[in-house]
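Asks: everything below, folded, please.
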Amino acid sequence: PESVPAQQEMAALLERHLLTCHGDHYSRTENRLHCRPGGFSTPVRAPEALWNCSLWVADDLILMSPQEDRYVLTAASLCSPSHWSLAEKFGCPMQAIHHPVPGLNATLETRINRFLKHLRPAHPVARFNWGLQAGDALGQWPEDPVAVIDAETPLYYRSERQSLRRLPVSGAIAFTIRVY
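Replies: The predicted structure follows:
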């Protein structure tokens, strides 16, 4: 519940961005946002703001809210995780979210926290990462069996475009992930 203002703020910013920067693809009539290429419409305002605006784009949407001197995962619409569970990460600070990555917290935790603290609304950041995986499913769920990879296993390239933007009113960080 504490993330509702940030969800509404993110939805309003995303709507404005789509209509301003992608007006050839999106339009609005009364309370509906229309995606011309996709041939669908969704309500502009809905009880679940983050879920609703996640229908407008192909990205997974995550909100990290400031709590004390750290950022905590407080809301998300996640369809394509890379072997992680939202239920396990929800309500956790960055250190706990990245705990399974060997050596990450020991080497980067302080720099990650400093980066998030100094992120400014006017300066969003995009980054890319990639990996190889057995199977071409976008959603790589932790409960899925890990494929045994040998010389005959076809591998698939998985790339993620990630963006981070501080929301100017709530101070939350919008973290988006688009998987290719």
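Asks: please enumerate the strands of the chain.
Replies: 26-29, 32-35, 40-43, 60-67, 70-77, 125-134, 155-166, 173-179 (DSSP state E).
Asks: those strands: which one's closest to V101?
Replies: strand 125-134 (11.4 Å; C-beta to C-beta). Every C-beta, even on glycine, is put in place using the N, C-alpha and C of the backbone.
Asks: quick one: residues contacting H34.
Replies: Contact partners of H34, counting by C-beta atoms under 8 Å, 6 or more residues apart in numbering, are Y26, S27, R28, F40, S41.
Asks: for the longest helix anywhere in the chain, which positions count as buried?
Replies: Ranked by residue count and defined by DSSP state H, the top helix of the chain is helix 4-21. Within helix 4-21, the residues scored as buried using 16 or more other C-beta atoms under 10 Å are A6, Q7, Q8, E9, M10, A11, A12, L13, L14, E15, L18.
Asks: turn those residues into TSV, columns for distance to A76 and pLDDT.
Replies: Shown next, in TSV, are the buried residues of helix 4-21 (distance: C-beta to C-beta, whole Å; pLDDT from 0 to 100):
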residue	distance to A76	pLDDT
A6	12	97
Q7	10	97
Q8	15	96
E9	15	97
M10	11	97
A11	14	96
A12	18	96
L13	17	96
L14	15	96
E15	19	97
L18	20	97
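Asks: farthest-apart pair in the residues you listed, please.
Replies: A6 and L18 (18.5 Å).
Asks: shaky segments in the protein?
Replies: Across the chain, residues meeting the criterion (pLDDT under 70) sit at 100, 102-105, 146-147.
Asks: my guess is Y156 contacts G135. True?
Replies: Yes - with contact defined as C-beta atoms under 8 Å, Y156 counts as touching G135 (6.6 Å).
Asks: list the contacts for P66?
Replies: The neighbourhood of P66, defined by C-beta under 8 Å, 6+ apart, consists of V72, G171, A172.
Asks: identify the bridge partners of the closest residue to the second one other than its chain neighbours.
Replies: Same thing as G171. Distance criterion C-beta to C-beta, 6 or more residues apart in numbering; nearest residue to G171, sequence neighbours excluded, is P66 at 5.3 Å. Assessed by DSSP bridges, P66 has beta-bridge partners Y71.
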